[in-house]
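**Q** 3D, please:
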Amino acid sequence: MKIETEHHDGTSDATPGGYEGQRRPGELIFGAVMFLGSLFLVFSAWGIENTFGPNGLSSPRAIPLATTIVMAIAAGVILFKDARLPRVTGETVMKDILPVNVIILAVMLVAYGVALKPIGFLPTSAVFLIIAIKLLARRGWGWTLLVSLGSLILIWIVFRIVFTVLIPAGIVPEAEVIQMFRSLFQGAP
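**A** Prediction:
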């Protein structure tokens, strides 16, 4: 991966607090989402009722309510402080905070989750790994296929054969393939 030297010096900018006295792009929106999410959780926790008596300090909602109130207060304080800071110049959301590769991989993960059960583990994982490795490594097709399919075979052997984890078969006749290998190793006809 090539680091743009005119934009970054190659060091991490994920230090606690980020830039001193400045707000990075997207930080205010993220803070607002966290604050609103915390308020939603406060109201959700408030809805937990005690069917055995009054709602006191020992009721089922006491701990979730206290936790979400602390979350909402902390998110509100951070949002208020961030709103007062000037924005960092020279950075954009798409270039520095949420690059296109991150968006593509997030969409691919959602598609992977949707396709996993109907299509199956092997073809879905193969497509995901090939595209992800090609996109991120930017290497040749031979290397990409070797790494992605080699990794997939290793993962499949470890989880399906060694640990016998049930993996969605989908369109691949996995049970027949496993039985064929077992027959080969056991000397069965």
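
**Q** Go through the top helix by length along the chain and flag the buried ones.
**A** Under DSSP state H, the helix in the chain containing the largest number of residues is helix 62-84. For helix 62-84, the buried set under the neighbour-count rule, 16 or more other CB atoms under 10 Å, comprises 64-65, 68-69, 71-72, 75, 79, 82. C-betas here are computed from N, CA, C, even on glycine.

**Q** next one: stretch 130-137
**A** Neighbour-count burial for stretch 130-137, with 16+ other CB under 10 Å as criterion, is recorded at 130-134.

**Q** what sits up against it?
**A** Contacting residues not belonging to stretch 130-137 are listed as 1, 101, 104-105, 108, 139, 141, 143-145, 147-149 [CB atoms under 8 Å, 6 or more residues apart in numbering].

**Q** So Pro25 is in contact with Thr89, correct?
**A** No - assessed by CB atoms under 8 Å, Pro25 is found out of contact with Thr89, at 10.1 Å.

**Q** of these two, who's got more company?
**A** More neighbours surround Pro25 than the other of Pro25 and Thr89, with 17 against 6 (other CB atoms under 10 Å).

**Q** And the more buried one, how close does it get to Met34?
**A** From Pro25 across to Met34, the span is 16 Å (CB to CB, to the nearest Å).

**Q** just for the chain, where's the confidence low?
**A** For the chain, applying pLDDT under 70 flags the ranges 1-18, 53, 187-189.

**Q** what ranges do the helices span in it?
**A** Using DSSP H, helices in the chain cover 27-46, 62-84, 100-119, 121-137, 141-156, 174-186.

**Q** Pipe the ones you listed into CSV and attach distance to Glu20 per row.
**A** Output for these, formatted as CSV (distance: least, CB to CB, whole Å):
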stretch, distance to Glu20
helix 27-46, 14
helix 62-84, 13
helix 100-119, 25
helix 121-137, 32
helix 141-156, 41
helix 174-186, 55
